[in-house]
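A.B. asks: Structure for this input, please:
(2 chains)
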2 protein chains.
Amino acid sequence: MNLCERIKAIVGANGWIDAAELRQRPVDFWNATPTHALGLARPASTEALSALLALCNEARQPLIIEGGRTNLVSATLGDAQTLLVSLERLNAIGRPDAGAMTLEVGAGAVLEHVQQVCAAADLRFGLDFGARGSASIGGALSTNAGGFQALRYGVARDQVLGLECVLADGTVLSHLSSYAKDNTGYDLKHLFIGSEGTLGVITKAVLKLQPKPTSCHTALLAFASFEQVIATLTALRRSLNGTLSAFELMWQEFFQFNVDALLQGRAPLDASYPYYALCEVEGFAGEHDGEHFQTLISDLFDSGSVVDAVIANSERQRAELWRIREEFEDEIQLFSTLIDFDVSLPLPRIEHFADQVREALALQFPENLGLHVLAHLGDGNVHVTTGLPSAARKDDLKRCVYRIIAELGGSISAEHGIGLAKKAYLHYSRSPGELALMRTLKGALDPHNILNPGKVIDAATPN
Amino acid sequence: MNLCERIKAIVGANGWIDAAELRQRPVDFWNATPTHALGLARPASTEALSALLALCNEARQPLIIEGGRTNLVSATLGDAQTLLVSLERLNAIGRPDAGAMTLEVGAGAVLEHVQQVCAAADLRFGLDFGARGSASIGGALSTNAGGFQALRYGVARDQVLGLECVLADGTVLSHLSSYAKDNTGYDLKHLFIGSEGTLGVITKAVLKLQPKPTSCHTALLAFASFEQVIATLTALRRSLNGTLSAFELMWQEFFQFNVDALLQGRAPLDASYPYYALCEVEGFAGEHDGEHFQTLISDLFDSGSVVDAVIANSERQRAELWRIREEFEDEIQLFSTLIDFDVSLPLPRIEHFADQVREALALQFPENLGLHVLAHLGDGNVHVTTGLPSAARKDDLKRCVYRIIAELGGSISAEHGIGLAKKAYLHYSRSPGELALMRTLKGALDPHNILNPGKVIDAATPN
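C.D. replies: Here you go, the predicted model:
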């Protein structure tokens, strides 16, 4: 039997898609070119995946684990010699435990389904982002996804209690603990969460859940200065008893653009202020929550921390406010060669960062098509988007922004990860010693470099 | 120059205590025998520690990093050939950033000092446990400490944003990021947090802070069944907007014992119920918090989830309720050969676990001197204490309880760690594959086995 036949024997005929059929499929959501690969294996159990990895390790066969294929960093891009592996059949979702507030799920479960199962039990899985309808739990954990609610619940890593995964040689590590305190030696799960499938394959997780809030109130605030923004975020964190779910900052140029594009200029607030924050509070105290929120905002207004504000008074109005923050179709049209950054910075340096980027673009890239800046401010996470008329200077522009990030002690990837797209820039955020240790770990856990080879960090010695 | 002289040249005369002087000092808080060691080095900077480690690595000199020496698992016990290293001079505490809610501290800073600095800025570092006056931040992080407030803020690991540490060969990894989202490759800090100084030495950290609550209300609740306990915990989590800071469960035997010992039997509640919970809520809404808490408890009483309750109406009464939970002097007298367990279990199995331990003791160890059970219930963390008239069957009793833990999918160490004391029992919670991976990591990061050798896990190949 050749390797493909042996793989087929492990995953079954239903679990195998061959190279020819795969060429009908685009690489991923962002890349419409045909998929080239040895084939796609879809194991139906952890045991089958274990057998598959043991075989590939023995045969030095490189492989890529696919999730929902909506990542932004070419994390699943391979070539005709690579085996693709999908965990979509490992998609069991257990029953939420309301007392312990935990849920066991398979890596192939889709985030949105998990959210629905939790909501039906009056619980919440505190992870949410745009690609919820495609992203798998395995993908979200292996990339340590962030998103809108990290301010309240933390990133993906913070919401995992136990983990099952399979090492490159097929060893199954099953530590599906469902409690918050567990100091039995090294915490292995954090090696696999966020390492983008390069150190092991996540197959199952015990998720930590939250009570589902019963009220939701949303406001759009305008500020005359960044100091006002910080003062308001601090006050809301302090006064809202931890029920602040979102604080999404928009710089003027982006706000104005999306208001014009989506609402034909009918702005909910005068669009000439330098900063706008969409904030949302989700509580458990019904009407009292709404009154408290309203009082807080009017206090902030009276004290001069907020210069204008609108509170959504209907679900329709709430959706309209979120559209300003979330819709990117027109932006994608505007920036023909789209260049986007997903970075983190120390909070006190964010204003300066945005100013520095604006200046650098004006001076060094005067042909730029605009500068849109957004932030999940409480996480220090800034999204910057710009464009150039042609792709020629794209890499120069990236290096220019990453140099500013490095000078300010920031991170060149806040929540999207590294994959292939950012690998060449990793050194802007990581020292030679850190990169060397990453290579040491890669070598120790995947000595034959079969797991998502070439992603995140190059192995010390090529296979 | 011999090795001690070369070390002295690095740390300075002030930074060196020799073997003779050390013998005047007890090993640690729990072990009064004299300290035997090569000497104690006290580097005053990360650079000095780096030079010291490079030298020791080169010379294959084993060393132990000391924190406050109040750990419970013989984590800093060595022999006359071991070098001790204290980071007490690396104790700088920065200025809390109120906007970003972060604080940079040296590993030698004492937990209580950090708490005080935060409190003075209306902020809180959400880690607290009995040894706060001795424990260093480096010790708390390297052991991933837990404590009373984990229910609300998580364990030590959850409260660290950035970390600086030194590898066995002296390489300094300084990733002092102060933001919540950072996906630039592998998250190295989680390798060092919780690995008890066996993979690297933590020298500095950026801590995540919380707003300091402005109100505190405390109640002691009594329950007739474990179902009532779970129903009450669930209701409090759901209704208190995340301001529930403690939910400390006490089984009847312990409660009765401490009430008799400390309060001469003047129990705040009838002492014959099977379960008692000390719960505390800390909020930001002043008087409203107290009214809300009172209403909640009276609702729980009306619905039959709570059978008796007392709310502390003064700081003195609050302190008295906490004494019942926190004081152990009389217990230590009672259990001549004290045997204590710090374990975690899935919440739905905790009642059964305590019953099984009670039955096993009655059957197999009828000479036992009683059974005290406590739980940080929201964390699944149970503390069990018993005693035997003599030490002969101590190890048998431990194995008996750990077997029950293993059968129920629990953890043999929730928050105290492994050190030397629990190393022989680690396999009850970890599979051969997990233990092998821990050895692989130890070998990859500390190839000459110089860092706290013999603790947590034995190196694959002896030095």
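A.B. asks: rest of the way, CA atoms for contacts and neighbours
C.D. replies: Will do.
A.B. asks: For the stretch 1-150 of chain A, which segments are assigned as strands?
C.D. replies: Per DSSP state E, counting those that start in this stretch, the stretch 1-150 of chain A carries strands over the ranges A:16-18, A:26-28, A:31-34, A:39-41, A:63-66, A:83-86, A:102-106, A:123-124.
A.B. asks: before we move on, what about the stretch 251-400 of chain A?
C.D. replies: A:275-283, A:308-311, A:337-344, A:371-376, A:381-388.
A.B. asks: For chain B, what is the nearest residue in the stretch 51-200 of chain A?
C.D. replies: Closest contact between the stretch 51-200 of chain A and chain B, by Cα to the nearest Cα, is at A:Asp182 (4.4 Å).
A.B. asks: okay, the residue positioned nearest the centre of chain A: pLDDT?
C.D. replies: Compute the mean C-alpha point of chain A, and by Cα atoms, centre = their mean the closest residue is A:Ala145, 3.4 Å away. We have a pLDDT of 96 for A:Ala145.
A.B. asks: check contacts around it.
C.D. replies: Listed by Cα atoms under 8 Å, 6 or more residues apart in numbering or on different chains, the contact partners of A:Ala145 are A:127, A:155-157, A:194, A:415-416.
A.B. asks: How about A:Asp28?
C.D. replies: Listed by Cα under 8 Å, 6+ apart, the contact set of A:Asp28 reads A:69-70.
A.B. asks: so how far is A:Ser431 from it?
C.D. replies: Here the criterion is Cα to Cα, to the nearest Å. By it, A:Asp28 lies 32 Å from A:Ser431.
A.B. asks: can you check A:Pro447 too?
C.D. replies: Per Cα to Cα, A:Pro447 is found 23 Å from A:Ser431.
A.B. asks: quick one, which of those two is more surrounded?
C.D. replies: The neighbour comparison of A:Pro447 against A:Ser431 (other Cα atoms under 10 Å in any protein chain shown) goes to A:Pro447, with 21 against 15.
A.B. asks: Tell me what the nearest residue to A:Ser390 once chain neighbours are set aside is bridged to.
C.D. replies: Closest residue in space to A:Ser390, ignoring its immediate chain neighbours: A:Thr337 at 6.1 Å, by Cα to Cα, 6 or more residues apart in numbering or on different chains. For A:Thr337, the beta-bridge partners under DSSP bridges are A:Leu388.
A.B. asks: Help me confirm that A:Thr337 comes into contact with A:Arg393.
C.D. replies: No: using Cα atoms under 8 Å, A:Thr337 is not in contact with A:Arg393, being 10.0 Å away.
A.B. asks: Tell me which of the two has more neighbours.
C.D. replies: It is A:Thr337, of A:Thr337 and A:Arg393, that has more neighbours when counted by other Cα under 10 Å, with 18 against 11.
A.B. asks: contacting residues around that one?
C.D. replies: A:387-391, A:394.
A.B. asks: picking up where we left off before, name the nearest of the contacts of A:Ala145 relative to A:Tyr186.
C.D. replies: Of all the contacts of A:Ala145, A:Arg157 has the smallest distance to A:Tyr186: 15.7 Å, by Cα to Cα.
A.B. asks: That closest one: what secondary structure?
C.D. replies: The three-state label given to A:Arg157 by DSSP: H, G, I helix; E, B strand; the rest coil is helix.
A.B. asks: now it, nearest residue through space, not along the chain?
C.D. replies: Excluding the flanking residues, the one nearest A:Arg157 by Cα to Cα, 6+ apart is A:Asn144, at 5.7 Å.
A.B. asks: ok, A:Asn144 to A:Gly162 distance?
C.D. replies: Relative to A:Gly162, and taking Cα to Cα, A:Asn144 is found at 15 Å.
A.B. asks: Sorry, wrong one. I was asking about A:Gly39.
C.D. replies: 31 Å.
A.B. asks: Give me every residue in the stretch 351-463 of chain A lying close to chain B.
C.D. replies: Residues of the stretch 351-463 of chain A found near chain B (Cα under 8 Å from any Cα of the partner chain) are A:378-381, A:409-418, A:426, A:429-431, A:433-434, A:438, A:440-441, A:444, A:456-457.
A.B. asks: redo that, cut-off 6 Å
C.D. replies: Within the stretch 351-463 of chain A, the residues that sit near chain B (Cα under 6 Å from any Cα of the partner chain) are A:379-380, A:413-415, A:417, A:456.
A.B. asks: The residues you listed in helices, which ones?
C.D. replies: Cross-referencing these against helices under DSSP state H gives no overlap.
A.B. asks: quick one: average pLDDT of stretch A:76-88?
C.D. replies: 94.
A.B. asks: Residues in contact with stretch A:386-400: which ones?
C.D. replies: Contacting residues not belonging to stretch A:386-400 are listed as A:335, A:337-339, A:368-371 [Cα atoms under 6 Å, 6 or more residues apart in numbering or on different chains].
A.B. asks: Across the sheet, point out what pairs with A:Ile311.
C.D. replies: Counting by DSSP bridges, A:Ile311 is bridged to A:Ala219.
A.B. asks: hang on, isn't it packed against A:His217?
C.D. replies: No: counting by Cα atoms under 6 Å, A:His217 is not a contact partner of A:Ile311; they are 7.6 Å apart.
A.B. asks: More neighbours: A:Asn144 and A:Gly162, which one.
C.D. replies: Remark: of A:Asn144 and A:Gly162, A:Asn144 carries more neighbours, 27 against 22, as counted by other Cα under 10 Å.
A.B. asks: who's in contact with the more buried one?
C.D. replies: A:156-157, A:193-194.
A.B. asks: Nearest to A:Val166 among those residues?
C.D. replies: A:Ile193 (12.7 Å).
A.B. asks: surely that closest one meets A:Leu141?
C.D. replies: Yes: with contact defined as Cα under 6 Å, A:Ile193 reaches A:Leu141; the gap is 5.3 Å.
A.B. asks: Chain A against chain B: which residues are in contact?
C.D. replies: Neighbours of chain B within chain A, by Cα under 6 Å from any Cα: A:99-100, A:178-186, A:195, A:211, A:234, A:238, A:346-347, A:379-380, A:413-415, A:417, A:456.
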